[in-house]
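# Quick one, fold the following:
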Amino acid sequence: MTQQLLMIEDDNRLAAMVGDYLRQSGYGFTHAADGNSGLAALDNSEPDLVILDLMLPDMDGLEVCRRIKSRSVNGDKASVAVLMLTAKGDPMDRIIGLEIGADDYLPKPFEPRELLARIRAVLRRSGEASPANNTGSTHKVMNFGSLEIDRDARLVTVAGVARELTSYQFDLLVAMAERAGRVLSRDQIMEAVRGRELEAFDRSIDVHMGRIRSAIEADAKDPKRILTVRGVGYVFARQQD
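Modelled structure (predicted):
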């Protein structure tokens with residue numbers, strides 16, 4: 001089945017160029033010129049990924065991202081990947097976007113080939129969560145007290161309650177959990193989840209860890225699962241509640 005992309009972008013010329021390129025690359029493509037029409041199109045078409053410009057005429061793009069991600073948190077709709085288009089040299093928007101669940105970002109201006117590579121990487125990660133891709137596999141679940149990490153379903157629960165993470169944050173958590181008790185530098189953590197081109201937010205590992213802690217810790221300011229080792233990096237605790 002053809003994967004469907006939705007671009008929310010007020011620059012119609014850019015959207016037309018991107019649409020032609022992505023259609024030639026085998027994707028279905030829909031364009032919305034503002035936030036409200038983009039959210040309406042999201043409900044009508046259920047795309048696999050949203051390409052979201054943060055500078056929209058009617059609504060802050062970060063608010064659009066928050067609404068997209070809140071749909072899956074509230075159980076209203078299936079999770080949709082979001083690739084943000086940000087102003088070049090503006091790291092704050094990227095960090096805020098990461099904290100509210102964006103899966104990747106790409107600064108403007110960008111090369112269409114780089115956009116395509118990032119789309120493929122995000123869809124590949126999110127596609128690993130599809131039940132169809134797990135048929136016949138051996139179920140792999142890691143348990144750390146009340147924390148459960150289901151690698152096949154790509155699901156994290158604490159005391160039976162699902163916690164929301166982006167696909168990249170899930171990969172980071174798994175990499176840490178698989179090396180429980182071992183102190184890892186930031187470079188070692190990132191290296192453990194490489195093997196995909198153009199990964200997002202590689203230089204924002206601390207922001208990622210803060211987001212993961214907010215999801216799985218009882219108190220993110222006093223973490224018990226992912227501990228900071230000053231001057232070195234992080235360690236995932238072997239013994240947990």
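# now the end-to-end length of stretch 219-226.
With Cα to Cα, to the nearest Å as the measure, stretch 219-226 spans 11 Å from end to end.
# what does that stretch contact?
144, 147, 176, 209-210, 212-214, 216-218, 234-237, 240-241 (Cβ atoms under 8 Å, 6 or more residues apart in numbering). The way it works is simple: take the backbone N, C-alpha and C, and place the C-beta from them, glycine included.
# Now do the buried residues in that stretch.
Buried residues in stretch 219-226, counted by 16 or more other Cβ atoms under 10 Å: 223, 224, 225, 226.
# Could you count how many residues lie near residue 22?
20 (other Cβ atoms under 10 Å).
# so what's it up against?
By Cβ under 8 Å, 6+ apart, the contact list for residue 22 reads 5, 29, 116, 119.
# All the helices of the protein, residue numbers only.
Using DSSP state H, the helices of the chain run over residues 12-24, 35-45, 61-73, 91-99, 112-127, 167-178, 186-192, 205-216.
# what's the most buried one of these?
Comparing these by mean neighbour count (mean count of other Cβ atoms under 10 Å), helix 167-178 comes out on top with a mean of 21.
# do you know how far the closest residue to residue 97 other than its chain neighbours is from residue 1?
Once flanking residues are discounted, residue 97 sits nearest to residue 84: 4.8 Å by Cβ to Cβ, 6 or more residues apart in numbering. As judged by Cβ to Cβ, to the nearest Å, residue 84 and residue 1 stand 25 Å apart.
# ok, those two, which is more surrounded?
residue 84 (25 against 5).
# what's near enough to touch the more buried one?
52, 53, 54, 61, 65, 93, 94, 97, 102, 104, 105, 106.
# who touches the second one in this structure?
When contacts are counted by Cβ under 8 Å, 6+ apart, residue 53 touches 8, 9, 10, 11, 61, 84, 85.
# just these now: which is nearest residue 193?
Proximity of these to residue 193 (Cβ to Cβ) peaks at residue 84, which lies at 19.7 Å.
# gap between that closest one and residue 158?
To residue 158, residue 84 is 27 Å away according to Cβ to Cβ.
# got the contacts of residue 53 as a markdown table, with pLDDT and distance to residue 168 columns?
Below are the contacts of residue 53 laid out as a markdown table (pLDDT from 0 to 100; distance: Cβ to Cβ, whole Å):
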| residue | pLDDT | distance to residue 168 |
| --- | --- | --- |
| 8 | 97 | 21 |
| 9 | 96 | 23 |
| 10 | 95 | 27 |
| 11 | 95 | 27 |
| 61 | 90 | 19 |
| 84 | 90 | 13 |
| 85 | 91 | 18 |
